[in-house]
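In: Attaching a predicted model along with its sequence, questions to come.
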Amino acid sequence: MSVSVTRDRRLRIPLKATYKIIITNPDGSIAQVIEGKNDDPFTYSFVWLFYGSLIAPSQSIDIPDVAGTELFLFTPAVPTSYQGAAVAIPYPDFTLCLVNCPGTPNAPYAVKLPGIWLFSTPFSGQPKVSSIYSYLITPITYYTPSISPSISATVGATNTITITQNFTNTSGSPITIYSFAVVAALYPVTSSGLAGTPYFIDIAYFNLSAAVVWSPAAGMTVQASFQVPT
């Protein structure tokens, strides 16, 4: 017997993902505040990573890291039919990290820090950092992000996690920002503990409602907040 469920009767999780960007002048005064939201914030990679966590280790899956290297999870070898850059990760478990992540200076990426990454082009199609990796804004200072939990067990309350990161435009030129992503370090969990060097994957993305022009020597704070009613 099958049950037909109309679209408006399906279970929905009212996740609210918002962002706030504060640009400051060199003297510390606020130059601009931009706010927006994304009703469907999770990236292609994160959705498949979540799916993989439900079926591991009985079935392998593959996702791209931020640079486009395909990560084949829960399998001892890359399929011979796959011709691109790829890594096989046989271990049956993994963990994600955004703050105080070990081994990240050795990570083979243009930015060595998980957190919020800025881009000079918007996301389109399937939202993946690997598709716009060449537009990653690098001639700036990325500071270590922080996470602020505000968790309540009260029924009806709102659980909120906010990721905050500061930046300085040290490029000497104006920079135009169209989007940003939340990037996490992925560690295979081996028999000896966490892998020494992580892979970076994107877990959420935000296209800005309007491009932001960021002046030289100006500071910037970006906040991404995820709210889930309990």
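Out: Yes, it's here. Fair warning: this is a prediction, and the values are worked out from it, not measured in the lab.

In: what about the helices in the chain?
Out: 44-55 (DSSP state H).

In: Outside of stretch 48-60 itself, list whatever touches it.
Out: Outside of stretch 48-60, the residues within contact range by CB atoms under 8 Å, 6 or more residues apart in numbering are 61-63, 72-75, 92-94, 186, 201, 203. Every C-beta, even on glycine, is put in place using the N, C-alpha and C of the backbone.

In: Could you list the low-pLDDT ranges of this structure?
Out: 1-14, 56, 150-157, 230 (pLDDT under 70).

In: Spatially central residue (nearest the centroid) of it, please.
Out: Val182 (2.5 Å; CA atoms, centre = their mean).

In: Can you give me the distance of the residue nearest to that residue when sequence neighbours are not counted to Phe226?
Out: Leaving aside its sequence neighbours, Val182 sits nearest to Ala204 (CB to CB, 6 or more residues apart in numbering; 4.2 Å). Separation of Ala204 from Phe226 (CB to CB, to the nearest Å): 8 Å.

In: Compare these two (neighbour count), which wins?
Out: Ala204 (22 against 18; other CB atoms under 10 Å).

In: so the more buried one makes contact with Phe42?
Out: Yes: with contacts counted by CB atoms under 8 Å, Ala204 reaches Phe42, the gap being 5.8 Å.

In: ok, back up a step: the contacts of stretch 48-60: which two are farthest apart?
Out: Thr75 and Ile203 (21.9 Å; CB to CB).

In: Of these two, which one has the most company?
Out: Ile203 (21 against 15).

In: do you know how far Pro210 is from Leu49?
Out: In this structure residue 210 is Ala, not Pro. 31 Å.

In: ok, these two, which is more surrounded?
Out: Leu49 (21 against 8).

In: For that one, give its distance to Ile63.
Out: 6 Å.

In: Over to Ala88?
Out: 13 Å.

In: Cys101 now?
Out: In terms of CB to CB, Cys101 sits 18 Å off from Ile63.

In: Pick out whichever of those two has more residues nearby.
Out: Shown here are Cys101 and Ile63; by other CB under 10 Å, Ile63 has more neighbours (24 against 21).

In: tell me the contacts of that one?
Out: Ile63 touches Tyr44, Ser45, Trp48, Leu49, Gly52, Glu70, Leu71, Leu73, Ile201, counting by CB under 8 Å, 6+ apart.

In: quick one: which of those residues is nearest to Leu136?
Out: Ile201 (14.3 Å).

In: residues contacting that closest one?
Out: Ser45, Phe46, Leu49, Ile63, Pro64, Asp65, Val66, Leu71, Leu96, Val183, Ala184, Leu186.

In: hmm, which two among these are most spread apart?
Out: That would be Pro64 and Leu96, which, of the contacts of Ile201, are the farthest apart (CB to CB) at 15.6 Å.

In: more neighbours, those two?
Out: The neighbour comparison of Pro64 against Leu96 (other CB under 10 Å) goes to Pro64, with 24 against 15.

In: May I ask you to confirm that that one is in contact with Glu70?
Out: Yes: counting by CB under 8 Å, Pro64 does reach Glu70; the two are 5.6 Å apart.
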